[in-house]
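Engineer: mind looking at a prediction? Sequence and model below.
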Amino acid sequence: MSVLEKVRPERPATEARERRVTDEHGRRIRAGELAWRYLLLLAVLALTIGPFLWQLSTSLKGPTEDIYSSPPRFLPEHPTLHNYARVADTIPVWDYALNSLKVATANVVTNCVGSALAGYALARLRYRGRGAATLVFVLAMLVPVEGIIIAQFTTMRELGLNNTLIGVVLPGAVGALNVLLMRNAFRNLPYEIEEAAYVDGANVWQRFWRIGLPSVKGTLAVVAIFAFMGAWDDFLWPLIVLSDPSKFTLTIGLNYLHGTFANDERLVAAGTVIAVAPLIALFACLQRYFFRGVGEGAVKG
Amino acid sequence: MAAPLRIRRQLPLSPWLFAAPGLLITGAFVLYPFVSTLVNSFTDRRTLVPGRFVGLANFRELLHDDMFWTGLRNSFLYVLGVVPALVVLPLLLALLVHKNIPGITFFRSAFYTPVVASIVVVGLIWVWLLDERGLINALLEAIGIGRIGFLSDQWLLLLSAMAVTVWKGLGYYMIIYLAALANVPRELHEAAAVDGAGPVRRFLSVTVPAVRSTMVLVAALSSVAAFKVFSEVYLMAGPSGGPAGEDTTLVMLVQRTGTGLTGRVGYASALSVVVFVVTVALMLLVLRADRKEES
Amino acid sequence: MPISRRSLAAAALALVLPLSACGSGGDDGGPTDASGKVEGDITFQTWNLRANFKPYFEDLIADFEHTYPGTHVKWIDQPAEGYPDKLSADAAGGTLPDVVNVSPDLVAPLARAGLALDLDKAAGTYRSEYLPGAWASHRIPGMKGTYAFPWYLNTGPLFYNKALFEKAGLDPEQPPKTYDDLFSDALRMAEKSDGKVATLANVPTIEDFGRYGVPLMNRQGTAFTFNSAKGVELLTRYKELYDAKALDPQALTATPESAGKKFLTGAVAMNPGSALDLGNFKKNAPSLYRNIGITDQITSTGHVNMYVMGVMVNSRTRHTPAAVAFAHFVTDARHQMSFAKKVAIFPSTAGSLDDPYFTKEDGTDETRVRVAAAKSLKNAVNYTPVLFSDQMKTALRNEVAKALQGRQSPEEALDNAVNAADRLLRQG
């Protein structure tokens, strides 16, 4: 970490009587600056997670509470988990969540492997057609997906993979954007180390595995998270590919909640919380590695 | 930019092996379907009716379709409204959470939450918040501004959708900037600090140049995404695109004309092709602006 | 990059060939004759019914498999959203299930593509078991035949908020009965509440034009006619309401769901609904429930609007006898009756509506709504033409919105909408 940390939008007004505290690196941070930072952080915090808390509050409101009352009540009067129990009664939440987990995990693996390999090839290797290969991924990123979904389905059916979880994963298995992110990460690495390894007789695979990959862990973590979210949140494609309800993912399953015969805001809110909570929990557990990864990749660069 | 690695005597096959999985998937599930879209754009194909070749008829029809021009306008407005915000705000946010002060990991994760949630969930939440009797209007009324029809006025709807896009994108681009910021050599900052440069000047003269390539990347990514915007506007303005369809974006039009059992696949394909061409042009524009600035 | 350009061209060529080959699939798969032995494995697809009625369908299927040994029914259920997309992908990809839950507007394109079995031919003997109007609702103008068994029907009353009526000085026990009453009450409501309370939350849709007595299509089903003087009259009156804020200012962007919410929050005084909504009011807006008023749908024709669900048979099924037998089994009087007792819908089978369940009141609101709806269903009409596609609905909606905003006259709006719809109809 560096002096960069002192970059801040505004200089605190309390500079005159500054009380000095130190951060974990032993560097001094002015109390005024700290206050400003936390104030800003809290403001952004309210903006980013406030809406989710409102949804959570709705999901905890009991059946006797008027959820449309105006002005709205922030906290449930009689907090209850009843709505969650009803969601679980209505749809097999656990089965759907398991399917989602399978799809998302597979998507993470394929994206990390596929885009790291392709990104390395695009960034570090020299061969005829490299430009063309890069162009393929750039163009793929620009294709409007909404227009090609039926064609994708037809292809999948010809492969006999419709109505399988593999069919859900395959089209997004190596995202073009992820490939380009990995390519950029590899490109930012200094060449000298790799050249040294080359002189030592390391082959392409060894250079990729031992030198390239460990240096881009941060970007790899970013790709992993993106891939997980993307698969977990997707609705239209899994819906089109899958027919068998026992294979449905959570996003499709939760859609049963705002159906023709069940129109209860609390249930819908509970459903959205169920859809988001695992991701938030997962991210909360992994964020340490995620952000450390982001930092690590950079320290070496 | 760095020079290519000066290592030549490698098997010519291995780069292709490395790129193969990515190329195969992309080719089979993105480019192949897109080429069929290209072919369809010259036909009058419908969802359940095979098409005949009609030449440029679909493209000619576009020119006389008011909805097409509305969609083009809105998609461009979306780029203009969203891209500057998504290039600058996440950078400031990244600077805010870059420093390791106590509790910062919590804030970083919390700021990332909107990215995590599916757009459908986000849409549901915001429609309810922005409703005429929703939370935000209740608060506005309490402080004496009065209720605002965010979801009934054509322009406010578009602005609200943009706000949601920015809200959801903040954390995403913040991460990209965080990774880039960690790359900024500290010597640069120290030198600048020694020179007595203030924070704003250091930001402009050290940070911005150091993350410039990332800013270009973010600009390119966000402008492509903004031009192809669908979900936010669809969820907030409804399937028919707001009052009198005035908030319809190009991709919404692709979806509306091309899907369902009565979809006009040929015409929607022509629209898709236009979307594709414009995004390619946008991308080139951003990259060219970058190059010009660099020289 | 010469290489990539060349290879792209080659790829494009390779693609055109299979593309032109597929798409124009052959007409017939399995036999159209339903008289063979009822046996084989079939798939049955419903539209968002699993969450609430899983036991009902499991029993139904077990019952069928027991009645016809040698059959096996696989039940799949799709969520509410994206159903047309799901059907189109399956229809285009040749993976349509054997027996499919559809609505009339979904049947039309499937039938035109030759994917729906003509039941007049394959199951004509069952025709007399259903209400004539319900059977006819899956006929398609310009085609011979009927393409789905009628399943459940729904209709409902108009709900109104008595408290809001009283506040506006209107008699809460005298809700509007005619369009004239409705429009004058609405204007009064807006005036008294200073534009804060609207009476209607939705712009007029095709079914509203129908209910107002506007002829929607010519007799041959080749052109739309809702731009007649009567249609213009309805839209002109809606424009007056909109200007006076008697039609909710957010109506231009409203969905049935958002309109329902407006009614729940007391921002709108009236809303069409069904017996299902009563439970919803009770749960979500207890204060509204205490003030709920229930009145009949307003029509100029004497026929209320009804919604029809159907069950069609895939014409390419490999087990036509079993598929037809099962579709009939699902929709026969006995099973429709037991389904109707599970949820507030109405059977489309002849005579079922004379069951005491639909004729005897017991003093509760639920029963009152049910009895009234059952009575009105006997001559109800599904006003929405089966050929009126989603794209046409959007065109109408947008033109109507422009008229309400005053950007064009009601005449222009309806002329434009009719032109757009006719063009789409010809292309179809």
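Structural biologist: Happy to help now that I have it. Numbers count the residues shown, from 1 in each chain, chains lettered A, B, ... in the order given.
Engineer: hey, let's count contacts and neighbours off CA atoms from now on
Structural biologist: Fine.
Engineer: now C:Gly195: phi and psi?
Structural biologist: C:Gly195 adopts backbone torsions of phi 80, psi 10, taken as degrees, to the nearest 10.
Engineer: okay, now the residue of the stretch 301-428 of chain C found nearest chain B: neighbour count?
Structural biologist: Closest residue of the stretch 301-428 of chain C to chain B, C-alpha to the nearest C-alpha: C:Asn398 (3.9 Å). Using other C-alpha atoms under 10 Å in any protein chain shown, C:Asn398 has 23 neighbouring residues.
Engineer: so where is the stretch 101-250 of chain B shaky, pLDDT-wise?
Structural biologist: Where the stretch 101-250 of chain B drops to pLDDT under 70, the residues are B:133, B:183, B:185-190, B:193-194.
Engineer: again, only this time at 80
Structural biologist: Filtered on pLDDT under 80, the stretch 101-250 of chain B yields the residue ranges B:116, B:120, B:124, B:128, B:131-135, B:179, B:182-199, B:202.
Engineer: and the helices in it?
Structural biologist: B:104-116, B:119-130, B:135-142, B:154-181, B:186-194, B:199-202, B:208-210, B:212-227, B:231-237, B:250-258 (DSSP state H, counting those that start in this stretch).
Engineer: which parts of the fourth one are buried?
Structural biologist: So the one you mean is helix B:154-181. B:154-155, B:157-181 (16 or more other C-alpha atoms under 10 Å in any protein chain shown).
Engineer: from the residues you listed, which are also near chain A?
Structural biologist: B:167, B:175, B:178-180 (C-alpha under 8 Å from any C-alpha of the partner chain).
Engineer: which of those lies closest to C:Pro104?
Structural biologist: B:Trp167 (40.9 Å; C-alpha to C-alpha).
Engineer: surely the closest one is in contact with B:Pro114?
Structural biologist: Yes: counting by C-alpha atoms under 8 Å, B:Pro114 is a contact partner of B:Trp167 at 7.2 Å.
Engineer: where do the contact lists of those two overlap?
Structural biologist: A:Thr48 (C-alpha atoms under 8 Å, 6 or more residues apart in numbering or on different chains).
Engineer: average pLDDT for stretch C:212-221?
Structural biologist: On average, the pLDDT along stretch C:212-221 is 92.
Engineer: and the residue nearest to the residue of the stretch 301-428 of chain C closest to chain B when sequence neighbours are not counted, what does it touch?
Structural biologist: Once flanking residues are discounted, C:Asn398 sits nearest to B:Ala244: 3.9 Å by C-alpha to C-alpha, 6 or more residues apart in numbering or on different chains. Contacts were defined as C-alpha under 8 Å, 6+ apart; by that measure B:Ala244 touches C:252, C:397-402.
Engineer: now C:Thr43: which helix or strand?
Structural biologist: Using DSSP states H and E, C:Thr43 sits within strand C:40-47.
Engineer: I meant A:Leu213, not that one.
Structural biologist: Here A:Leu213 sits within helix A:213-215, counting by DSSP H and E.
Engineer: mind listing what's buried in that helix?
Structural biologist: Per 16+ other C-alpha under 10 Å, helix A:213-215 contains these buried residues: A:213, A:215.
Engineer: against which helices or strands is it packed?
Structural biologist: Counting contacts by 3 or more C-alpha pairs under 8 Å, 6 or more residues apart in numbering or on different chains; DSSP states H and E, helix A:213-215 packs against helix A:265-299.
Engineer: wait, isn't C:Met337 in contact with C:Pro347?
Structural biologist: Yes: because the distance of 6.1 Å satisfies C-alpha under 8 Å, C:Met337 is recorded as touching C:Pro347.
Engineer: the two: who's more crowded?
Structural biologist: Legend: neighbour count by other C-alpha under 10 Å for C:Met337 and C:Pro347, higher for C:Pro347 (30 against 21).
Engineer: run through the residues that contact residue 172.
Structural biologist: All of this is about chain A. A:107, B:25.
Engineer: other chain: chain B
Structural biologist: Applying C-alpha under 8 Å, 6+ apart, the residues near B:Tyr172 are B:112, B:115.
Engineer: check the gap between it and chain C for me.
Structural biologist: According to C-alpha to the nearest C-alpha, to the nearest Å, B:Tyr172 stands 28 Å off from chain C.
Engineer: least confident secondary structure element in the chain?
Structural biologist: Reading this off chain A. Using mean pLDDT, DSSP states H and E, the weakest-scoring helix or strand in chain A turns out to be strand A:20-22, at a mean of 49.
Engineer: think we crossed wires, I meant chain C
Structural biologist: Least confident helix or strand of chain C, by mean pLDDT, DSSP H and E, is helix C:2-21 with a mean of 34.
Engineer: picking that back up, same list, the helices of the stretch 101-250 of chain B, but as JSON lines with distance to B:Arg52 please.
Structural biologist: Converted to JSON lines, these look like this (distance: least, C-alpha to C-alpha, whole Å):
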{"stretch": "helix B:104-116", "distance to B:Arg52": "43"}
{"stretch": "helix B:119-130", "distance to B:Arg52": "37"}
{"stretch": "helix B:135-142", "distance to B:Arg52": "52"}
{"stretch": "helix B:154-181", "distance to B:Arg52": "37"}
{"stretch": "helix B:186-194", "distance to B:Arg52": "63"}
{"stretch": "helix B:199-202", "distance to B:Arg52": "62"}
{"stretch": "helix B:208-210", "distance to B:Arg52": "54"}
{"stretch": "helix B:212-227", "distance to B:Arg52": "30"}
{"stretch": "helix B:231-237", "distance to B:Arg52": "31"}
{"stretch": "helix B:250-258", "distance to B:Arg52": "16"}
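Engineer: minimum distance to C:Tyr307: which of the ones you listed has it?
Structural biologist: helix B:250-258 (23.5 Å).
Engineer: mind listing what's buried along the closest one?
Structural biologist: By neighbour count on 16+ other C-alpha under 10 Å, the buried set for helix B:250-258 is B:250-258.
Engineer: out of these, which touch chain A?
Structural biologist: Contacts with chain A within the buried residues of helix B:250-258, counted by C-alpha under 8 Å from any C-alpha: B:251, B:254-255, B:258.
Engineer: isn't B:Phe42 right next to B:Gly55, touching?
Structural biologist: Yes: if you go by C-alpha under 8 Å, B:Phe42 and B:Gly55 touch, sitting 5.1 Å apart.
Engineer: higher neighbour count, these two?
Structural biologist: Using other C-alpha under 10 Å, the more surrounded residue of B:Phe42 and B:Gly55 is B:Phe42, with 21 against 12.
Engineer: ok, the more buried one to B:Gly51 distance?
Structural biologist: Separation of B:Phe42 from B:Gly51 (C-alpha to C-alpha, to the nearest Å) stands at 9 Å.
Engineer: still on that earlier bit, and the next element down the chain from the helix holding A:Leu213?
Structural biologist: helix A:217-233.
Engineer: and the angle for that next one with helix B:104-116?
Structural biologist: If you take axes from the mean of the first three to the mean of the last three C-alpha atoms, to 10 degrees, helix A:217-233 sits at 40 degrees to helix B:104-116.
Engineer: the one helix or strand B:Leu62 maps to vs chain A: in contact?
Structural biologist: If you go by DSSP H and E, B:Leu62 is part of helix B:57-63. No: counting by C-alpha under 8 Å from any C-alpha, no contacts exist between helix B:57-63 and chain A, the nearest distance being 15.2 Å.
Engineer: alpha carbons of that helix, as PDB, please.
Structural biologist: C-alpha atoms of helix B:57-63 as PDB (Å, rounded to 0.1, in the frame of the first residue of the first chain):
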ATOM      1  CA  ALA B  57     -36.800  -5.500 -47.300                       C
ATOM      2  CA  ASN B  58     -36.400  -5.800 -43.500                       C
ATOM      3  CA  PHE B  59     -33.800  -3.100 -43.400                       C
ATOM      4  CA  ARG B  60     -35.800  -0.900 -45.600                       C
ATOM      5  CA  GLU B  61     -38.800  -1.400 -43.300                       C
ATOM      6  CA  LEU B  62     -36.600  -0.400 -40.400                       C
ATOM      7  CA  LEU B  63     -36.100   3.000 -41.800                       C
END
